[in-house]
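Engineer: I would like the atomic coordinates for the input below:
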Amino acid sequence: MVSRNDSAIWSGLFRISADSGQTLQAQIRQAIVAAILDRQIAASLPLPSCRVLAEKLGVARGTVVLAFQQLVDQGFLIAKERRGHFVNPEFVTGLGDDAKRTEPKANRIDWGARRRIASNEPPESVYQGNWIKAPYPFVYGQFDPALFPTAEWRECNRMALAVLEIRNWAGDVVDRDDPLLIEQIQARLLPRRGIFANPDEIIVTLGAQHALYMLATLLMGRRSKVAMEEPGYPDARAIFRLSGADVAPVPVDGEGIVPDAIPDDAGFVFVTPNHHCPTMVPLAEDRRQRLLDDAEKHDRIIIEDGYDSQLVDDSPQQALKSVDRSGRVVYVGSMSKTLAPGLRIGYIVADAGLIAELRALRRYMLRHPPANNQRAVALFLSLGHHEALVRRLSTAFSERRTKLAESIGTWLPDWQPAVAPGGTSLWLKGPAGTNVRNLANDAAERGVLVEPGNRFFDQPEKQSRFMRLGISSIALQHIEPGIRELAQAAGRLRAAA
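Structural biologist: Model (predicted):
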């Protein structure tokens, strides 16, 4: 236990960093709260004075004063006149001596044997936790801090935290969504894809994966068959199989999914028609109509993932949902590729009857996505920030795609890129004998992060020649040097073979 005059230990407890994303005041409060809950400060021991602690930490005295005052307001500390600040005894009462030190317990029950569904092992993570620090992060689906609208996003969060706004979203709204967000999705996002929907035909989700999980839970079962693209979105494949459904891989070529290869008994087909995952090729117009016609003929539901489709493309396509007249197309969208993946804001557009069923299901899962986040995103859309961001991202990504294609042609001429007019990644097929997993490991040692493409196939162990390079998080000037390093890694592996 520390004493009031034990300056070395006090300095150790209150470590702060200017590189932290938190303010100095917040870091001080966090350190004190952690020390209190970990029983590192006795209730009878006064904390150092604000002046002394400010000197030790190299911060303004007012910063410490404000931190102490907020902890007093929250009840962590109590102020005693002429004696200083003390830990509130109520926060240490009942904390056992071993509260901080708990030993991991061995599994006493075989939970795997008790599960009722065969959950797939999650695929190995393709991104390192510190991808943002890599010199050449060709990762997909991550944001670029240099392009993120920090000031505009903070403005919208401040607006959402105004007193009157808090009163609007802080209550339990059960299964409803923020009406302003629904209005903005209806007016700002969907028309970009040619979709016009009523409010009761839209539901907000925690991203596209949550949307797919709800659809699979509600509509699929052990007698269901889902046709999906091969290669295709691996998480969708896993979600459908978790529901008990059979997944029928359907080949994809330079014009998208091949409709003639879809089994007649498939009750569902999952497609990414605007930008196929992962090749980014758009679905040809005649095949789009064939999908719709076959859906009616075989009483089939089409789940359309608007994958990577919010950006301004060189050759934009309308969504399948926009030309659907039978109500068989269920559209899944998200803001992950434009605003930020960490916000987990997505949506489903479908017939009102299906949306009502999904809303009831979602209520039992999580009631509704956090209302404060919904309101902040709604404000971001209503103020035009998202529209401005989309145009900025579209310009930046177009330049990056061009530079990436040029660099591939120069440094990796024996690799075959898929021909696609837009999107935020490039799909490559390597020469015979290539093992992209080994290449990815070797390239990572050079600071180049790439994604092996085998995970997109139904039988990944048989596919080792494919690779996906993302452009959303790598600066333009780093693309060619990164590809040059990747080419050197490929050359070294060929020489060692």
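Engineer: next up, the contacts around residue 439.
Structural biologist: 430, 450, 452, 467, 486, 489, 490, 493 (C-beta atoms under 8 Å, 6 or more residues apart in numbering). All C-beta spots, glycine's among them, are computed from the backbone N, C-alpha and C.
Engineer: which of these lies closest to residue 368?
Structural biologist: Out of the contacts of residue 439, the one with the shortest distance to residue 368 is residue 452. That distance is 37.0 Å, counting by C-beta to C-beta.
Engineer: please name the bridge partners of that closest one.
Structural biologist: residue 467 (DSSP bridges).
Engineer: remind me which residues of the chain are low pLDDT?
Structural biologist: Applying pLDDT under 70 to the predicted model, the residue ranges of the chain that meet it are 1-12, 18-21, 91-107, 116-129, 312-316, 497.
Engineer: do that again at 50, thanks
Structural biologist: Across the chain, the ranges flagged by pLDDT under 50 are 1-5, 97-100.
Engineer: which one's the longest helix in it?
Structural biologist: The helix that spans the most residues within the chain, counting by DSSP state H, is helix 385-411.
Engineer: from the contact counts, what lies against whichever helix or strand comes after that one?
Structural biologist: Once helix 385-411 ends, the next helix or strand along the chain (criterion: DSSP states H and E) is strand 416-417. Using 3 or more C-beta pairs under 8 Å, 6 or more residues apart in numbering; DSSP states H and E as the contact definition, the elements that strand 416-417 packs against are strand 425-429.
Engineer: quick check: buried residues in the host helix or strand of residue 36?
Structural biologist: Element membership for residue 36, per DSSP H and E: helix 24-37. Along helix 24-37, the positions that meet the burial threshold by neighbour count (16 or more other C-beta atoms under 10 Å) are 24, 25, 27, 28, 29, 31, 32, 35, 36.
Engineer: touching it from outside, list them.
Structural biologist: Applying C-beta under 8 Å, 6+ apart, the set of residues contacting helix 24-37 is 13-18, 20, 22, 41, 47, 53, 57, 59, 63-64, 66-67, 70-71, 76-77, 87, 91-92, 95.
Engineer: buried sites along the helix or strand containing residue 156?
Structural biologist: Remark: residue 156 resides in helix 150-160, with elements defined by DSSP H and E. By neighbour count on 16+ other C-beta under 10 Å, the buried set for helix 150-160 is 152, 153, 155, 156, 157, 160.
Engineer: can I get those residues in JSON lines with distance to residue 426?
Structural biologist: As requested, the buried residues of helix 150-160 are exported to JSON lines (distance: C-beta to C-beta, whole Å):
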{"residue": "152", "distance to residue 426": "29"}
{"residue": "153", "distance to residue 426": "28"}
{"residue": "155", "distance to residue 426": "34"}
{"residue": "156", "distance to residue 426": "33"}
{"residue": "157", "distance to residue 426": "34"}
{"residue": "160", "distance to residue 426": "37"}
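Engineer: and of those residues, the nearest to residue 173?
Structural biologist: Residue 173 has its nearest neighbour among the buried residues of helix 150-160 in residue 160, at 14.7 Å by C-beta to C-beta.
Engineer: wait, that closest one touches residue 376, no?
Structural biologist: Yes. With contact defined as C-beta atoms under 8 Å, residue 160 and residue 376 form a contacting pair (4.3 Å).
Engineer: re the thing from before, among the contacts of helix 24-37, which ones are in helices?
Structural biologist: 13, 53, 57, 63, 64, 66, 67, 70, 71.
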